[in-house]
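Engineer: everything below, folded, please.
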Amino acid sequence: MRKHAALDPAYPACSIARSLEILGERWTFLILREALGGTTRFTDFGTRLGVSTDILTDRLATLVRAGILEKRPYQEIGERPRSSYHPTPAGAELLVVLGALQQWGDRNCPPAGGPASQRRSRATGQRLSVAYVDESGQAVPLEDVTFVADAQRTAAAVPSRPSQP
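Structural biologist: Residues are numbered from 1 along each chain as shown. Have a look, this model is predicted:
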């Protein structure tokens, strides 16, 4: 991730494009899944995911630079100091994205034996669905969702043309 990306005119204005610059690789979401599930140690990520150490090192560094995970030092007795990785509040927000990916996968490319896990409320145990919710707290059906461009940002992004004589 570039420093001060928001000030860089070459940096995409689209939030999706900016997010994909950080999150757009398969291993990144699998590392996040593990981190949000409580995995914190490098060796545990590697063991649980079967990812190479080079890729894991790179993805963890990207997530730390982006403020999605934070490093915390720890040391086992008789061992060298190491770092553990913990979700920041920005990282915790990605639980919604992971839930949406899981929900889509369960519906559109389900595994033969059914889902490996389910989204449930810790408080009630009820199943959860990921949805758009309006300002009044009501779920909005997908067919009623649209992305509307900010007219001021769109106008600022389009260079004006010289008038024709």
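Engineer: what about the longest helix in this structure?
Structural biologist: Criterion DSSP state H: the longest helix present in the chain is helix 89-108.
Engineer: now do that helix: distance to the chain's middle.
Structural biologist: 8 Å (C-alpha atoms, centre = their mean, to the nearest Å).
Engineer: that helix packs against which elements?
Structural biologist: Helix 89-108 makes packing contacts with helix 26-36 when contacts are defined by 3 or more C-beta pairs under 8 Å, 6 or more residues apart in numbering; DSSP states H and E. C-beta: built from backbone N, CA, C; applies to glycine.
Engineer: neighbouring contacts of the helix it packs on?
Structural biologist: By C-beta atoms under 8 Å, 6 or more residues apart in numbering, the surrounding residues in contact with helix 26-36 are 22-23, 44-45, 48-49, 51, 55-56, 59-60, 62-63, 68-69, 85-87, 91-92, 94-95, 97-98, 101.
Engineer: helices - which of these land there?
Structural biologist: Counting by DSSP H, the part of the contacts of helix 26-36 found in helices is 22-23, 44-45, 48-49, 55-56, 59-60, 62-63, 91-92, 94-95, 97-98, 101.
Engineer: now the buried members of the residues you listed.
Structural biologist: Buried members of these, scored by 16 or more other C-beta atoms under 10 Å, are 22-23, 45, 49, 55-56, 59-60, 62-63, 91, 94-95, 98.
Engineer: can you name the two of those residues that sit furthest apart?
Structural biologist: The largest separation in those, counting by C-beta to C-beta, is between Ile55 and Leu95 at 22.6 Å.
Engineer: thought Pro73 was touching Ser83?
Structural biologist: Yes - between Pro73 and Ser83 a contact is recorded at 6.0 Å, counting by C-beta atoms under 8 Å.
Engineer: more neighbours, these two?
Structural biologist: A count of neighbours by other C-beta atoms under 10 Å puts Ser83 above the other of Pro73 and Ser83, at 15 against 8.
Engineer: please report how far that one lies from Phe45.
Structural biologist: 12 Å (C-beta to C-beta, to the nearest Å).
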